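Novice: My questions are about this predicted structure, shown below with the sequence.
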Amino acid sequence: MNRREGAMNQREAPMTRAATGHPVLETRNLQKSFGAVTAARDISVAIESGARLSVIGSNGAGKTTFVNMVTGYLKPDEGTILLDGEDVTRLDPRRLARRGIARSFQIPQLCMELTALENMLVARAAAAEGTVPFFRPARTAEARDAAMAVLDRFGLADIAPRPVSELAGGVRKLLDIALAMIGRPRLLMLDEPTSGVSAEEKFPFMDRIMTALDQGGVTVLFVEHDMDIVGAYADRVLAFYSGQIIADGAPDHVLADDAVRRHVTGH
Ligand SMILES: Nc1ncnc2c1ncn2[C@@H]1O[C@H](COP(=O)(O)OP(=O)(O)OP(=O)(O)O)[C@@H](O)[C@H]1O
């Protein structure tokens, strides 16, 4: 059974993966404005361990603002962020990364001149030390083995010695996610993982990512505009509109919601 068939079955019995306990992440009444624009209004949500949660919404709905607040790139004006029950609202991205929140970006954040493996070693040292030691990537055999194990999980072992500048866009995206996994995060945020991936490639691409992430035992939150991908790979969907969550639940339920059809999917 591939991931897509698995996801179909999950939709009949949504959230089965989520039955493992307390929320990894909880936000309470998050508020953020930019001048007259309210980008987050009273965002309260609990994300359970093991979830595959997709964040959807049209342009400007507040998805990135939410992800940026949870990963420490933006400070909320009001509200609280709890990681495993601990208040982390004021922590910066580096400290949050060390506490187990990792993210990938729509445009991969990689060092082009370094090889894939060297990028992994820099990321590993950064995860361990909390700084980005460009001139001191982790070089022990243990660090190398750990980096190769993560590359292997993503099917990237063969490109380990190649400079990132030589790699295709899709491979760079995979490497960026592998990089985020090197610190063994508890929660991984993916920003539009399939953007720029062709229609034929997007399902195999997501299968590869999700299989690798399943092995890593990480809770995943992904921002996504492609509803086929959302329907196939999420077990829960948060729909944003105008800085608010307008629907939250299993994909079938959220994608059939009238307000979501009106404001998000455009049906
Ligand atoms: N740094 C900023 N300064 C001013 N306004 C901002 C800033 N960041 C976001 N906004 C505004 O906040 C609102 C929410 O933006 P946000 O980027 O969170 O939406 P989004 O759902 O991620 O959209 P997209 O899908 O286009 O990335 C928008 O009106 C946006 O213009």
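Specialist: That came through fine.
Novice: What sits closest to residue 169 if chain neighbours are left out?
Specialist: For residue 169, ignoring the flanking residues on the chain, the nearest one in space by Cβ to Cβ, 6 or more residues apart in numbering is residue 196 at 5.8 Å. C-beta here means a position set from N, CA and C on the backbone, and glycine is covered the same way.
Novice: tell me which element the one you found is part of?
Specialist: Using DSSP states H and E, residue 196 falls within no helix or strand.
Novice: Please report how far it lies from residue 142.
Specialist: Computed as Cβ to Cβ, to the nearest Å, the residue 196 to residue 142 distance reads 35 Å.
Novice: how far away is residue 44 from residue 140?
Specialist: To residue 140, residue 44 is 44 Å away according to Cβ to Cβ.
Novice: Repeat that for residue 244.
Specialist: Residue 244 is 48 Å from residue 140, by Cβ to Cβ.
Novice: who has more neighbours, the two?
Specialist: residue 244 (15 against 10; other Cβ atoms under 10 Å).
Novice: what's across from the more buried one in the sheet?
Specialist: Note on residue 244: beta-bridge partners residue 241, judged by DSSP bridges.
Novice: In contact with it, which residues?
Specialist: With contact set as Cβ atoms under 8 Å, 6 or more residues apart in numbering, residue 244 has these partners: 41-43, 62.
Novice: can you tell me which two in those are farthest apart?
Specialist: Farthest apart among these by Cβ to Cβ are 42 and 62. That separation is 11.3 Å.
Novice: okay, these two: which has more neighbours?
Specialist: residue 62 (24 against 15).
Novice: List the contacts of that one.
Specialist: Contacts of residue 62 (Cβ under 8 Å, 6+ apart): 39-40, 43, 240, 242-244.
Novice: Those residues also near the ligand: which ones?
Specialist: Restricting those to those near the ligand by Cβ under 6 Å from any ligand atom leaves residue 39.
Novice: Buried residues in stretch 224-243, which are they?
Specialist: Applying a neighbour-count criterion of 16 or more other Cβ atoms under 10 Å, one finds 224-227, 229-241, 243 buried in stretch 224-243.
Novice: Which ones among those residues map onto helices?
Specialist: 227, 229-233 (DSSP state H).
Novice: Could you export the residues you listed to TSV, including columns for distance to the ligand and pLDDT?
Specialist: As requested, these are arranged in TSV below (distance: Cβ to the nearest ligand atom, whole Å; pLDDT from 0 to 100):
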residue	distance to the ligand	pLDDT
227	14	95
229	15	96
230	14	97
231	19	96
232	20	96
233	18	97
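Novice: With distance to residue 30 as extra columns, can I get these in a markdown table?
Specialist: Conversion of those to a markdown table gives the following (distance: Cβ to Cβ, whole Å):
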| residue | distance to residue 30 |
| --- | --- |
| 227 | 25 |
| 229 | 26 |
| 230 | 22 |
| 231 | 27 |
| 232 | 29 |
| 233 | 25 |
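Novice: nearest to residue 78, of those residues?
Specialist: Closest to residue 78, out of all of these and judged by Cβ to Cβ, is residue 230, at 29.3 Å.
Novice: what sits against the closest one?
Specialist: Contacts of residue 230 (Cβ under 8 Å, 6+ apart): 54, 56, 224, 237, 251, 255.
Novice: quick revisit: which ones among the contacts of residue 244 map onto strands?
Specialist: 41-43 (DSSP state E).
Novice: Pipe those residues into CSV and attach distance to residue 191 per row.
Specialist: As requested, these are exported to CSV (distance: Cβ to Cβ, whole Å):
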residue, distance to residue 191
41, 21
42, 23
43, 17
